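In: structure for this input, please:
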Amino acid sequence: MTMHRISAKTAFKSRPFAYVFSRVVKIFASAMKQFFRLHFWMFPDKRFEIPPYSPPIWRSKKAVGIPRTVWQTNYSDKVTLAVYFANRFNRLLAPTFEFCFINDDEQIAFIAENYPEEVNAAFTRLQIGAAKADYWRVLTLIKKGGVYLDIDANLASPLEWTLHDNTSELFIIDRKGLVTNSFLATVPENPIFHRIADQIRQNIADPKQSDVFHMTGPGAVWQVLEDCSYNSCSYRSVSHQGQFNNPTLQYPDKGRGKWWQEQNERDIRK
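Out: This next block holds a predicted model:
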């Protein structure tokens, strides 16, 4: 995958208001993270429930191509204060969007209902939650469109500032200069996302693939984007990961951890 490093100076010039706003968010999130760590230390078993659906706070009359829906998933809807707060914070920065939280069973049901047997079979082979979430987000965005946002990610500026009526898709470039799949936005039935879904299915069938990152994650996205044109911008003013939380706050329960820990303990596929 070709690297496209976007410096802070370039990010500021391209979207000055959003960039300045993102710096304020960073300061606020850093302060709140310390509070969340203290809260978890004092109340390690306390959990908050992410609602399955949150309607828009208000409706916008502004025309946009990408549907105003934010999709998120996690191994559980019972989360620490840090993860719950990030979800509610994102809603405040996207007040014209509906928020949909999808659990594991709903992922399975959605794919079985909307896709042919070969897609369903490929999905049900996956045993690691992160790999399932990688594939599900692409398949959901194909059918429904909207914005996918990782549960540990937070918007860095109002989402209305990011999406425009002539945008058919948007990928963000991370600090290494590479496209990430922690934030994805698209219109329904986008040919690029169809190609990504096909690539993931091929990777699942390929016995040489033994790493979640390259099988279903950003690596699969890179394989497609290498030879096609797409819209992108810096993560700096769009979305960050881990500003409000850390792995302990995201995975507070025993037996849970990041995908690289899981793939070292069991096969990615059945």
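
In: which residues of the protein fall in helices?
Out: 8-14, 16-42, 81-93, 104-114, 117-125, 129-144, 191-205, 212-215, 218-225, 247-250, 259-265 (DSSP state H).

In: how close does the residue of the chain positioned farthest from its centre get to Thr80?
Out: Largest separation from the mean C-alpha position in the chain: Met42, at 29.4 Å (Cα atoms, centre = their mean). Computed as Cβ to Cβ, to the nearest Å, the Met42 to Thr80 distance reads 12 Å. C-beta coordinates here come from the backbone N, C-alpha and C atoms, glycine included.

In: now do Phe101
Out: In this view, Phe101 and Thr80 are 15 Å apart by Cβ to Cβ.

In: just want to know which of these two has more residues nearby.
Out: Thr80 (24 against 19; other Cβ atoms under 10 Å).

In: quick one: residues contacting the more buried one.
Out: Neighbouring residues of Thr80 by Cβ atoms under 8 Å, 6 or more residues apart in numbering: 36, 39-40, 46-48, 245, 249-250, 252.

In: how many neighbouring residues does Val238 have?
Out: There are 26 residues near Val238, going by other Cβ under 10 Å.

In: ok, it touching Ala185?
Out: No - if you go by Cβ atoms under 8 Å, Val238 and Ala185 don't touch, sitting 9.2 Å apart.

In: identify the contacts common to these two.
Out: Thr162.

In: of the helices of the chain, which is nearest Ala63?
Out: Across the helices of the chain, Ala63 has its closest neighbour in helix 129-144 (18.4 Å, Cβ to Cβ).
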